[in-house]
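Q: sequence-free structure coming up:
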């Protein structure tokens, strides 16, 4: 019998090293090499025989290939359909990750129940719970008499046999870290097991047109656990975000071969499971009886959806080493904006602690939030609230210019629809016509924006 050999696999790039090193020699990531065992020669010779690839097609010119619309299977959750681009795609592989207890299994069980009740053969494979535990969850969610088929299994070969037993169209594997193949000798959850089992399931999905949803664990840093090749292998990667102490959850598409990326779906956790939120802007806006200093409303874009988010700032006297802290925004960008505010608008915060927060736990990465952040900081420093009903957006450059934001017309229409009456925006985003119900002030530079706020009668 051939003796197993030990080697080390990088969890980031799946590179192999014969000995342990602090830094991966392939991708130069630190502390990512994990010990694994090499199977004897021939042990995995035919492990993909059961899931052969679909028949190959002859060579053809791209212009001769007909582009057909993808068939979609609605999930029954409008917010989830928005993130996916319209629903599950037959033959597509989706990887969804999130913190423990965030609601991944709940959402997927609700989606499978909707499919099964509408005649779609759906399978829920659980490797972390037993069948009675899944039944208890379904009872709590009010899914009485659910026709979803359930399999409590962790061995890959038995899962494939279960998928072969009846023509399933959608299958959930919860979770990929618990699945193992007998062809490999390493433990479940190891780099080699996760990579090989995911590859096998992906080939199975493509060959038979089954939609497979893989649930993945996340690391302490919030990234998907396992080798990075896992994210390249699948068609769609979804992240489940949100604070477990809050009832609201966000599902964000990080990768999507069948739709737009950075789309988000907003859900509220209720006693009967996750429900889609039709007006998510209400989540990210605080209800103040009177205007307060240090608060500015931003119209941001998440995928194709404009959202209104409240930006709050607190400027307070600091010590010899003033702090700069931001929640939901980039901290390095905050330091840059404070320097621009000082140099071009004459507003100094060098001896002040500055805290900035995006209300509701949303993360804002687009630079169009710059102007709203500066207005909130300026308002907190002066101790005076901004004009009531004001929204702002625009990128701020190092030279003090206010640059345009994409799709400014949609942002303005969303703000007007929700009752806002004033908008401070870049001049390049000024609409040619009038938008009913909202007064627009277009500026070119930061000092113009600060001057308008100081001189406005409502400020």
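A: Thanks, I have the structure now. Here the structure is a predicted model, which is why all the values come from computation and not from measurement.

Q: Please count neighbours and contacts with C-alpha atoms only from this point.
A: OK.

Q: quick one, phi/psi of residue 320?
A: Backbone dihedrals for residue 320, given as degrees, to the nearest 10, come out at phi -70, psi -20.

Q: For the residue nearest to it when sequence neighbours are not counted, list the residues it contacts.
A: Using C-alpha to C-alpha, 6 or more residues apart in numbering and skipping residues adjacent in sequence, the residue nearest residue 320 is residue 351, 7.2 Å away. Neighbouring residues of residue 351 by C-alpha atoms under 8 Å, 6 or more residues apart in numbering: 317-322.

Q: Now do residue 351 against residue 319, distance only.
A: Residue 351 sits 7 Å away from residue 319, going by C-alpha to C-alpha, to the nearest Å.

Q: Outline the domain layout of this structure.
A: 5-38, 73-278, 295-455 (automatic domain parsing).

Q: Out of those, flag the one nearest residue 284.
A: domain 295-455 (4.8 Å; C-alpha to C-alpha).

Q: hang on, the earlier thing: how about JSON lines for the contacts of residue 351, with secondary structure and neighbour count added?
A: Formatted as JSON lines, the contacts of residue 351 follow (DSSP: H, G, I helix; E, B strand; the rest coil; neighbours: other C-alpha atoms under 10 Å):
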{"residue": "317", "secondary structure": "strand", "neighbour count": "13"}
{"residue": "318", "secondary structure": "coil", "neighbour count": "14"}
{"residue": "319", "secondary structure": "coil", "neighbour count": "10"}
{"residue": "320", "secondary structure": "coil", "neighbour count": "8"}
{"residue": "321", "secondary structure": "coil", "neighbour count": "10"}
{"residue": "322", "secondary structure": "coil", "neighbour count": "15"}
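
Q: shaky segments in the stretch 1-150 of the chain?
A: 1-4, 37-56 (pLDDT under 70).

Q: just the strands in it please.
A: 5-10, 16-17, 33-38, 93-98, 122-126, 149-152 (DSSP state E, counting those that start in this stretch).

Q: Flag every buried residue along stretch 330-345.
A: 330, 334, 337-341, 345 (16 or more other C-alpha atoms under 10 Å).

Q: Which of these sits closest to residue 175?
A: residue 330 (32.1 Å).

Q: got a pLDDT number for the residue nearest to residue 320?
A: pLDDT for residue 351: 87.

Q: Distance from the chain centre to stretch 64-81, please.
A: How far stretch 64-81 lies from its chain's middle: 20 Å, per C-alpha atoms, centre = their mean, to the nearest Å.

Q: repeat for stretch 410-427
A: 26 Å.

Q: Could you do stretch 180-187 as well?
A: 31 Å.

Q: Quick check: end-to-end length of it?
A: Counting by C-alpha to C-alpha, you get 7 Å between the two ends of stretch 180-187.

Q: again with stretch 394-408
A: Using C-alpha to C-alpha, the two ends of stretch 394-408 sit 9 Å apart.

Q: re earlier: so which of the contacts of residue 351 comes closest to residue 381?
A: residue 317 (9.8 Å).

Q: any chance of the strands of the stretch 1-150 of the chain in CSV, plus distance to residue 455?
A: As requested, the strands of the stretch 1-150 of the chain are arranged in CSV below (distance: least, C-alpha to C-alpha, whole Å):
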stretch, distance to residue 455
strand 5-10, 59
strand 16-17, 64
strand 33-38, 60
strand 93-98, 47
strand 122-126, 62
strand 149-152, 65
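
Q: Looking at the ones you listed, spot the one closest to residue 270.
A: Among the strands of the stretch 1-150 of the chain, the nearest to residue 270 by C-alpha to C-alpha is strand 93-98 (18.4 Å).

Q: so what does that closest one touch, helix or strand wise?
A: Using 3 or more C-alpha pairs under 8 Å, 6 or more residues apart in numbering; DSSP states H and E as the contact test, the elements touching strand 93-98 are helix 104-117, strand 211-216, strand 236-241.

Q: Look up how far residue 350 lies from residue 321.
A: In this structure, residue 321 and residue 350 are 9 Å apart, going by C-alpha to C-alpha.

Q: can you put the buried residues of stretch 330-345 in CSV and add pLDDT, distance to residue 34 and secondary structure?
A: What follows is the buried residues of stretch 330-345, written out as CSV (pLDDT from 0 to 100; distance: C-alpha to C-alpha, whole Å; DSSP: H, G, I helix; E, B strand; the rest coil):
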residue, pLDDT, distance to residue 34, secondary structure
330, 89, 32, coil
334, 94, 37, helix
337, 95, 41, helix
338, 95, 43, helix
339, 95, 44, helix
340, 95, 45, helix
341, 95, 47, helix
345, 92, 52, helix
